[in-house]
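Visitor: quick check, what structure comes out for this input:
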Amino acid sequence: MNITDIRVRRTYQDTRLKALVSVTIDHDLAVHDIKVIEGPERLFVAMPSRKDDNGVFRDIAHPITPEARAVLENAILSAYHEYLERMQTDAQAAPQASTHDVE
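Guide: You can find the predicted model right below:
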C-alpha cells in the first residue's frame with residue numbers, strides 16, 4: 001500500500017472528533033471521511049462507516065491487516081499533527097492589524 005496523499009479536510013475544536021481526513025492510495029483510490037478521534041489515552045483513526053439496519057456501525061472501507069492499519073493510522077496522525085503545526089505557524093506569521101491614525 002502506497003499512500004500518495006493525505007488531506008485534512010476539516011478540524012474541530014470542542015469535541016472528541018478532531019478532524020475529517022481523505023487518503024489517496026497509489027494515486028488510484030480515495031477514501032474520504034476518515035475520522036481522527038481523541039480517545040481516553042490517545043488520538044486514534046476511525047474508518048468511514050455507516051449504520052446498518054440493526055443499528056450497528058460497520059466500516060465501509062478498512063485495512064485488512066494489522067500492519068496496514070498501523071501504517072495508515074501513523075501516516076494520518078502524522079499528517080494531522082503537521083497540519084496543526086502549519087496552521088499555528090500561519091496564524092503566528094499573519095500580519096497583525098495595525099492601528100494607524102489617518103490624517
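Visitor: E73: which element?
Guide: helix 66-93 (DSSP states H and E).
Visitor: so where is this protein shaky, pLDDT-wise?
Guide: Applying pLDDT under 70 to the chain flags residues 95-103.
Visitor: which residue is nearest the middle of it?
Guide: Compute the mean C-alpha point of the chain, and by Cα atoms, centre = their mean the closest residue is V21, 3.7 Å away.
Visitor: name the element that residue belongs to?
Guide: Per DSSP H and E: strand 17-25 holds V21.
Visitor: relative orientation of the helix holding E73 and strand 17-25 in degrees?
Guide: 120 degrees (axes from the mean of the first three to the mean of the last three Cα atoms, to 10 degrees).
Visitor: if I look at the closest residue to K35 other than its chain neighbours, how far off is H27?
Guide: Leaving aside its sequence neighbours, K35 sits nearest to A46 (Cβ to Cβ, 6 or more residues apart in numbering; 4.3 Å). Every residue, glycine included, has its C-beta placed from N, CA and C. To H27, A46 is 24 Å away according to Cβ to Cβ, to the nearest Å.
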